[in-house]
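**Student:** I'll drop the sequence and a predicted model, then ask my questions.
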Amino acid sequence: MSDITQILPNIDTEPFEKVLERLEKTNVSCNDLMTLNAVDVARRADVPIDEVRELTASLITQLHAQLGFGGLENGPDNEKDVTAKSTKEDSAWPHISTLDDDLDTALGGGFPAGQVCEITGESAAGKTQLLLTLLLAVQLAPPKGLGKTALYLSTEAPLSTTRLSQILARHPYLSSLPVSEKPSLSRVQSTQLQDLETQDHVLRYQVPVQIARANVGLIIIDSVAANFRAEFDRVGANSSDALARRSLQLTQLGAHLRDLARSYNVAVVVANQVLDRFGPAASLFDATATPLSQNSVATQMSGTNNNNTSTIPPPSQQPQPFLSTSDPLSLDHQQRFFTGWGDHRFMRDLKTPSLGLTWTNQLSARVVLLKQPILKPQDYLLGPGMDIVGWRRHLKVAFSAWSRDDNGKDGVEFEVCEEGIRSKKVDESPAVSGEA
């Protein structure tokens, strides 16, 4: 079969059945149709030029609709109407709040309906705490929420109803609401996804029915990488065929999630795991200063000040950006633009979200939760110790189609507490918080 049906599984191929058969025999892909001239494609596949143009126009329309900005007809009058309608909708764009003003500002208002967003970070970075807050916030009336129910799909641990009840009781905003407006645990549905087969069946057949029956406004998958890693990270599963099959399944999953978000106007938020990025030991330095020793790095991470000043070397002697390979064609230097790691001040413990660039291309936004250890102070002559007494957490936007993070390279600092998550003010001292 042609890859057209793989990229757009819901496309009606009946009007183009003969053309697709010829394109398949001559190895004409969807990418060829999008980039090559219709005359060249028609000559190569020996099919009428008009049919190639009709097929290409249909594919472009389907791809635009999948991305959520299709339906623009030719003509200045119609274009003005669509622009006016878009402006009006953007002014009241429905979204789900994090129930914290600073975090909402960094996210451009929150997590919008009709989009697929990802929250990624290390273990105990606060991903689940943020997801639990969204499960309650979506039930609130606009502008805080959507006034709808939530669906929690777990591939790892089941939904923690005890923690959800604690957030509902301790959060200052939620606890102050009248009973008629307060969120309820009964409006949060959850299910387990044991493997990829179960996950595909639930998402394609059960979720659409549940959205219509229960008025679902938020779908959470925690986490999207678990089943894929269990299926494809086995011994002997790293062949080219396995990688190609995984890329195809990730593309189909992303297309289906975008279709759900757009068709039913629901917010889809997925959690993702991270992997370590390995590089040369010389990469342990501050990007704007001289190379740091282990003690100086630990001193900065512990929050203590170092009175010793250092002279910034000339540009020719300054350290180069972090690269895990010397091959420029690997595009490793671009990872900081979409992974969330590599552009903050401490160039150590670099991570990269799971599932690779194929999955990244399926997302509308990626929200990264960073955490750094707080080390126990010791004698000033010996420097800080290596005992971790807490964590400093930051939320930042790696990329987004609707917002821009203007809160610095490290994002917005937040903490995990009984009420869920909350941002920390600049003048506050680092609080010691346990792992989330």
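**Tutor:** Perfect, I can see it now.
**Student:** so where is this protein shaky, pLDDT-wise?
**Tutor:** Within the chain, the stretches with pLDDT under 70 are 1-2, 4-11, 66-92, 234-238, 278-333, 343-349, 379-385, 404-410, 426-436.
**Student:** What segments of it are strands?
**Tutor:** 95-96, 111-112, 116-121, 149-154, 188-192, 216-222, 267-272, 274-276, 351-353, 365-375, 388-400, 412-417, 420-423 (DSSP state E).
**Student:** pretty sure L146 is touching A267, no?
**Tutor:** Yes - contact status for L146 versus A267: in contact at 7.5 Å, counting by C-beta atoms under 8 Å. (Each C-beta comes from the backbone N, C-alpha and C, glycine too.)
**Student:** which neighbours do those two share?
**Tutor:** Listed as contacting both L146 and A267 by C-beta atoms under 8 Å, 6 or more residues apart in numbering are 96, 113, 138, 217-218.
**Student:** Could you dump the residues you listed into TSV and include neighbour count?
**Tutor:** Shown next, in TSV, are the shared contacts of L146 and A267 (neighbours: other C-beta atoms under 10 Å):
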residue	neighbour count
I96	32
A113	21
V138	32
G217	23
L218	25
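**Student:** okay, now the domains of this protein?
**Tutor:** 1-92, 94-275, 276-305+331-423 (automatic domain parsing).
**Student:** Between the two ends of the last one, how far is it?
**Tutor:** Terminal residues of domain 276-305+331-423 are spaced 27 Å apart (C-alpha to C-alpha, to the nearest Å).
**Student:** Ok, the longest one next?
**Tutor:** For domain 94-275, the separation between the terminal residues is 33 Å (C-alpha to C-alpha).
**Student:** and what of stretch 176-186?
**Tutor:** Start-to-end, stretch 176-186 (C-alpha to C-alpha) is 19 Å.
**Student:** Can you tell me what sits against it?
**Tutor:** Contacts for stretch 176-186 (C-beta under 8 Å, 6+ apart): 136-137, 139-141, 161, 164-165, 168, 174.
**Student:** can you pull the buried residues of it?
**Tutor:** Judged by neighbour count (16 or more other C-beta atoms under 10 Å), stretch 176-186 contains these buried residues: P183.
**Student:** Wait, R44 touches V28, no?
**Tutor:** Yes - assessed by C-beta under 8 Å, R44 is found in contact with V28 at 6.5 Å.
**Student:** Those two - which one has more neighbours?
**Tutor:** The neighbour comparison of R44 against V28 (other C-beta atoms under 10 Å) goes to V28, with 24 against 16.
**Student:** nearest residue to that one other than its sequence neighbours?
**Tutor:** Nearest residue to V28, sequence neighbours excluded (C-beta to C-beta, 6 or more residues apart in numbering): A45, at 5.5 Å.
**Student:** for A225, same thing?
**Tutor:** In space, and not counting its chain neighbours, A225 is closest to S354: 3.9 Å by C-beta to C-beta, 6+ apart.
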